[in-house]
Each structure stands twice: as structure tokens, then as C-alpha cells.
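>>> sequence plus predicted model, see below.
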Amino acid sequence: MIIGPLTSINLPPFLTSSGAIERVSTFKLLGIHLDTNLSWSAHINCITSKASKRLYFLKQLKRAGVPYKQLLHFYTAVIRPVLEYAAPAWHHLINRSHTCSAHGISPKRAIHIFNFTRGMSYPNVLFVAQLESLETRRNNLSRSFFKIFANHTRASV
């Protein structure tokens, strides 16, 4: 994959001893989906799709009569990490539509499965469930990552 404006230039194919290297517009590297424009659309689409599939299991657990606390634990242990993976790399680079797309799998949507929060505003749902918003959590993850990185860099100098 060639990243940036070079993608519009017709470059000859890259050849190796085993043949030509295929050019792709997106690929997955360490769980992060990258595209030629570094727009994060592919990554956001992938994580929202993955989290949506996991919401289905949350609904099944609800139908099976699993208690509220365990359903909430399932959300925080199985669904939310998908939406936060490698957040320091991409969180501050996504646009408003990406944020809304990722929040489509928000705690509010997950907790609505429990039925007692229907009609509540997002802040109220978070308060009742004693959760932070995804945006707040990703901001905190990013801050702590960069603090650790900055402290490590200063220590090694």
C-alpha cells in the first residue's frame, strides 16, 4: 500500500523474486485498519461492525435471564475494549461522523438492552450505569499513554 499523494501516480508494480506485490487500498496492521488516505474510515467501520456483532450476544444473554450486573460486566469486558483498542493512535484524528458512528455502539445502546433506561438522555444513562462515555475514556487512555511515553522519553535522555 502506498500512503498519501503517491497513490494517484501510476507507479510500476513492485517485483520480488516470488512475483509482483499486490497493491491494496486498506490493510490491517496490529489490529488497526489503515487506508491509503489515513482517514480511519476503514478502522471505524471495522470496530463498529465487530462491536455490533457482540451486542447481539448481549441481547441473547438478556433473553437468557442473566442479571443486570453481569450484562454490564459483559459490555465492559467484551464490547467496550473493541471500541477503545489502540485509541491513542486514532482517537484524536477521527472526524465528527466517525465519532458518531463509533458512538452508535455506545453504552447507551448497550444499556438500552436492559430496558430500564429507555427514553433517558445519554448522560443520564451513563450516570445510572456508573460508566464514563467512550469519548471520555478514549481521551483518558490517550492522556495516560502519552504521559507514560513522555516520562519514558525524559528518563532515557
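Arrived safely, thanks for sending.

>>> drop to CA atoms for contacts and neighbour counts, all remaining ones
OK.

>>> just say helix, strand or coil for F145.
Following DSSP: H, G, I helix; E, B strand; the rest coil, the label given to F145 is helix.

>>> number the chain from 406, please
New numbering, starting at 406: the last item is F550.

>>> right, and W495 touches L443 too?
No. Here W495 does not reach L443: they are 9.6 Å apart, not a contact under C-alpha atoms under 8 Å.

>>> what residues are shared contacts of the two?
Both W495 and L443 lack any common contact, where contact means C-alpha atoms under 8 Å, 6 or more residues apart in numbering.

>>> how about this protein, which residue sits the furthest from its center?
Note on the chain: the largest C-alpha distance from the chain mean falls to S422, namely 37.7 Å (C-alpha atoms, centre = their mean).

>>> identify the residue nearest the residue at minimal distance from the centre of the chain in space, chain neighbours excluded?
By C-alpha atoms, centre = their mean, the chain has its centre lying nearest to L488, at 3.1 Å. Nearest residue to L488, sequence neighbours excluded (C-alpha to C-alpha, 6 or more residues apart in numbering): I452, at 6.1 Å.

>>> correct me, but that neighbour touches E489?
No. Judged on C-alpha under 8 Å, I452 makes no contact with E489 at a distance of 9.0 Å.

>>> of these two, who's got more company?
Per other C-alpha atoms under 10 Å, whichever of I452 and E489 has more neighbours is I452, with 23 against 18.

>>> how distant is the helix or strand harbouring that one from the center of its chain?
Per DSSP states H and E, I452 falls inside helix 446-468. The chain centroid and the centroid of helix 446-468 are separated by 11 Å under C-alpha atoms, centre = their mean, to the nearest Å.

>>> okay, buried residues for that helix please.
By 16 or more other C-alpha atoms under 10 Å, the buried positions in helix 446-468 come out as 446-449, 451-453, 456-457, 459-460, 462-464, 466-467.

>>> give the contact list for I553.
By C-alpha under 8 Å, 6+ apart, no residues touch I553.

>>> buried sites along stretch 430-444?
For stretch 430-444, a neighbour-count test (16+ other C-alpha under 10 Å) marks T431, I437, H438, L439, D440, T441, L443 as buried.

>>> where exactly do the helices run in the chain?
Listed from the start of the chain, the chain has helices (DSSP state H) covering 446-468, 473-479, 485-489, 492-495, 501-508, 512-517, 527-534, 539-561.
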